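1. Predicted model follows, preceded by the sequence.
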Amino acid sequence: MHCIGASILVLLLLPLSAANAAEIDIKRLDNGSSLIVIEGDFEHGDIDTFRTKVASLSTGKAAVAFRSDGGSLVAGIRIGTLIREKKFATVIPDGASCASACALAWLGGTRRFMGQGASVGFHAAYILKSYGPIESGSGNAILGAYLNQLGLSENAILHVTKTAPTSIQWMSLEDINEQGIAVAALSPQHAAQESGTAGVAAGSPERRAIDFVRALLVQWSKPGAEALPALEGLYAETVVYHGNSTPRDAVLRSKRRIADRWSERTYTIRPGSLTATCAKGGGACRVKGVVTWKYFEPKTTKRSSGHGSFEYRVDLAGAAPQIAAETRFVQEPPSAVATRLKQARRDFQQLLAKVSKLIP
């Protein structure tokens with residue numbers, strides 16, 4: 001471990017994304033354990049901040065919850081190492097994403113959990129040059145050594161580090177488990193009650209429409225070279241696109257422009273927000289929900305993010321579902337933002353309740 005720690009010092013030039021300091025807060029729970037919340041991009045100074053804040057916490061008596069797009073490779077590895085030394089659990093809450101350096105820190109948990117709709121993203125280590133990111137062999141070597149220390153198999157390490165720096169491999173709980181990395185659902189029974197779709201019958205038109213929209217946003221979160229060909233078969237020949245009757249080719253050109261501008265896109269549906277209303281006979285359904293989107297372009301390090309409501313009209317009459325209408329992601333008005341803040345507080349209280357059951 002000391003050799004790896006010394007080698008990491010050489011890699012202070014290896015940020016996985018441009019970063020500002022993460023916010024690190026600790027909430028004491030009624031059972032004597034603690035919840036540590038890390039939000040925002042990791043930077044090198046966060047290592048000492050994290051070490052200082054957790055120094056007084058008892059070993060094995062805390063969980064660390066993450067919501068971050070990444071940051072410093074060194075910070076991710078060092079914080080993950082501290083988490084493993086303190087035997088803390090790690091959590092990605094419902095609907096949250098944890099990518100790049102954040103994902104490395106999350107892997108440090110002695111027990112790992114993911115909430116409903118949560119996603120974790122990985123890519124190879126890189127150095128940012130004036131013309132864009134280039135993969136770092138020395139960075140990947142140190143990253144691989146860290147993952148080996150955590151007990152990941154060779155196949156899992158290869159899977160975690162195989163994605164090029166210009167992209168992110170987003171993985172669900174099921175995807176992670178398929179690679180032999182131990183992860184559990186965060187209170188699955190509670191999540192099912194909150195999902196908003198638990199009462200929708202399997203095989204019903206409403207369920208088919210909801211599952212189709214979920215799959216669509218997962219597909220649209222993939223790199224353009226993979227996402228765009230798949231989208232072609234998902235749209236009807238003519239689509240009511242943002243209120244206008246639009247040929248499918250024009251819709252796809254619009255999508256291509258977005259993919260060209262933002263090579264990394266993540267769309268996360270807010271848990272419990274999806275609803276579907278279908279016409280009699282189930283031939284057409286309207287699916288509404290609230291989504292958080294995050295865009296990143298590694299070549300320029302530019303970012304964009306937001307949240308808002310969306311609506312699709314899904315045609316189920318053919319051999320396969322197709323989109324007949326699509327609205328823009330409409331930014332929520334102030335009243336909706338206030339409601340969202342109240343929901344965020346409720347979500348945090350629910351997270352506290354869930355985490356308190358994870359820690360003995």
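-> Perfect, I can see it now. Numbering: from 1, shown residues only.
2. drop to CA atoms for contacts and neighbour counts, all remaining ones
-> Fine.
3. Residue ranges in the chain under the pLDDT threshold?
-> Scanning the chain for pLDDT under 70 picks out 1-20, 126-134, 165-167, 187-202, 271-272, 329-360.
4. Relative to E85, how far out is the residue positioned nearest the centre of it?
-> Taking CA atoms, centre = their mean as the criterion, S97 is the residue nearest the geometric centre of the chain, at 2.4 Å. For S97, the distance to E85 equals 24 Å [CA to CA, to the nearest Å].
5. mind listing what A101 touches?
-> L16, F42, D69, G70, G71, S72, L73, A75, G76, I77 (CA atoms under 8 Å, 6 or more residues apart in numbering).
6. Out of the residues you listed, the closest to A230 would be?
-> Nearest to A230 out of the contacts of A101 is D69 (CA to CA; 25.8 Å).
7. Which residue, other than its chain neighbours, is closest to the closest one?
-> With CA to CA, 6 or more residues apart in numbering as the criterion, D69 has its nearest non-adjacent residue at 4.9 Å, and that residue is A99.
8. how many other residues sit next to that neighbour?
-> Using other CA atoms under 10 Å, the number of residues around A99 comes to 26.
9. Pairing partners for it in the sheet, please.
-> In this entry, A99 is beta-bridged to G121, by DSSP bridges.
10. picking up where we left off before, which of the contacts of A101 fall in strands?
-> Among the contacts of A101, none falls in strands (DSSP state E).
11. which of those residues tops the neighbour count?
-> With neighbours taken as other CA under 10 Å, the top of the contacts of A101 is F42, carrying 32 neighbours.
12. if we can go back for a sec, which of the contacts of A101 sits closest to R214?
-> Proximity of the contacts of A101 to R214 (CA to CA) peaks at D69, which lies at 21.4 Å.
13. Surely the closest one touches G40?
-> Yes. Look at D69 against G40 with CA atoms under 8 Å: they come within range, at 6.9 Å.
14. on that earlier part again, any chance of the contacts of A101 in TSV, with distance to E154 too?
-> Listed next are those as TSV, based on distance: CA to CA, whole Å:
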residue	distance to E154
L16	22
F42	26
D69	25
G70	23
G71	25
S72	24
L73	20
A75	23
G76	20
I77	18
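15. T268: which of the residues you listed is nearest?
-> For those, the residue nearest T268 by CA to CA is D69; the value is 13.2 Å.
16. And that closest one, how far from A105?
-> D69 is 12 Å from A105, by CA to CA.
17. go on, R253?
-> In terms of CA to CA, R253 sits 38 Å off from A105.
18. which residue sits closest to K288, ignoring its sequence neighbours?
-> Distances taken as CA to CA, 6+ apart place E311 nearest to K288, at 4.5 Å, with adjacent residues excluded.
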